[in-house]
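> I would like the atomic coordinates for the input below:
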Amino acid sequence: MEGLSDVASFATKLKNTLIQYHSIEEDKWRVAKKTKDVTVWRKPSEEFNGY
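Numbering: from 1, shown residues only. Down below sits the predicted model:
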């Protein structure tokens, strides 16, 4: 069941990335799009070119 350890490793990396994004200061984020019900925020990626 080697595949399950890969999934667990990926899940841990994803969790840590999301926690890191949540911890970023507000002034680093920019509004990409805003509608009546939804606001989409973005910031420059440190992992690839783009947002």
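
> gap between the worst-scoring helix or strand of the chain on mean pLDDT and the chain center?
Sorting the helices and strands of the chain by mean pLDDT, DSSP states H and E puts helix 2-22 at the bottom, at a mean of 86. For helix 2-22, the separation from the chain centroid amounts to 12 Å (computed by CA atoms, centre = their mean, to the nearest Å).

> that helix: what's the following helix or strand?
In the C-terminal direction, the helix or strand that comes right after helix 2-22 (DSSP states H and E) is strand 30-34.

> other SSEs contacting that following strand?
strand 39-42 (3 or more CB pairs under 8 Å, 6 or more residues apart in numbering; DSSP states H and E). Yep, even glycine has a C-beta here, placed from its N, CA and C like the rest.

> and the strand it packs on, what does it pack onto?
Strand 39-42 sits against strand 30-34, with contacts defined as 3+ CB pairs under 8 Å, 6+ apart.

> sheet-wise, list the partners of the strand it packs on with their directions.
Strand 30-34 pairs in its sheet with strand 39-42 (antiparallel), by DSSP bridges.

> list the buried residues for the strand it pairs with?
Residues of strand 39-42 include none that count as buried (16 or more other CB atoms under 10 Å).

> outside of that strand itself, list whatever touches it.
For strand 39-42, contacts defined as CB atoms under 8 Å, 6 or more residues apart in numbering pick out 29-34, 51.

> again, only using 7 Å
Here strand 39-42 makes contact (CB atoms under 7 Å, 6 or more residues apart in numbering) with 29-33, 51.
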